[in-house]
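Participant: Got a predicted structure plus its sequence, pasted below:
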Amino acid sequence: MLTKSEQIKVKKLRNKFPQTIQAHIGRSKDGGFWAEIVTFHGCVTQAESFSELIDMINDAVRTYFGIPKKYLAYMPTYIPSLKAAQYFDAFPIQQKAEIKMRTSAVHEKAVR
């Protein structure tokens with residue numbers, strides 16, 4: 001359970017996150033994935049699978065903002081559209097693509 005001052009801190013941190021982010025995503029030659037989070041200059045990551053890439057994108061954004069470990073569970077989570085997920089999971093892609101990701105409201109009630 002968060003103290004009142006911790007709840008205020010979490011709200012301030014959450015306010016830094018935009019509703020959507022834009023990312024360029026592509027497949028690497030070895031079959032993995034890479035992402036450049038365009039919304040945040042210099043924010044890049046990579047992973048072996050698309051689902052792992054989504055986790056890594058969220059980790060990269062949280063690292064970009066310097067979120068303390070104890071508040072990570074209360075931060076927004078970006079998820080791609082179903083269309084984008086199907087696009088990358090279904091076919092081997094050699095070129096890059098651009099997608100927008102929205103935050104989910106998973107922890108919305110925890111921090112009111």
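Facilitator: Cool, the structure landed. Numbering: from 1, shown residues only.
Participant: Where in this structure is the helix or strand with the lowest mean pLDDT?
Facilitator: Lowest mean confidence among the helices and strands of the chain (mean pLDDT, DSSP states H and E): strand 96-104, at a mean of 64.
Participant: give me the element the nearest residue to residue 59 once chain neighbours are set aside is part of.
Facilitator: Excluding its sequence neighbours, the residue lying closest to residue 59 (C-beta to C-beta, 6 or more residues apart in numbering) is residue 45, at 7.2 Å. Quick note: C-beta positions are derived from backbone N, CA and C, even for glycine. Secondary structure from DSSP states H and E places residue 45 in strand 43-47.
Participant: can you check residue 24 too?
Facilitator: Assigned by DSSP H and E, residue 24 falls within strand 20-27.
Participant: Distance from that strand to the middle of the chain?
Facilitator: 10 Å (C-alpha atoms, centre = their mean, to the nearest Å).
Participant: which strands and helices sit next to it?
Facilitator: If you count contacts as 3 or more C-beta pairs under 8 Å, 6 or more residues apart in numbering; DSSP states H and E, strand 20-27 packs onto strand 33-37, helix 50-64, helix 82-90, strand 96-104.
Participant: Only C-alpha atoms, please: export the second one in CSV.
Facilitator: As requested, the backbone C-alpha atoms of helix 50-64 are provided in CSV (Å, rounded to 0.1, in the frame of the first residue of the first chain):
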residue,chain,number,x,y,z
PHE,A,50,7.3,-9.4,-30.7
SER,A,51,5.7,-9.8,-27.2
GLU,A,52,9.1,-9.5,-25.6
LEU,A,53,9.7,-6.4,-27.7
ILE,A,54,6.5,-4.8,-26.2
ASP,A,55,7.9,-5.4,-22.7
MET,A,56,11.2,-4.0,-23.7
ILE,A,57,9.6,-0.9,-25.2
ASN,A,58,7.8,-0.3,-21.9
ASP,A,59,11.0,-0.8,-20.0
ALA,A,60,12.8,1.6,-22.3
VAL,A,61,10.2,4.3,-21.8
ARG,A,62,10.2,3.8,-18.0
THR,A,63,14.0,4.0,-18.0
TYR,A,64,13.9,7.1,-20.2
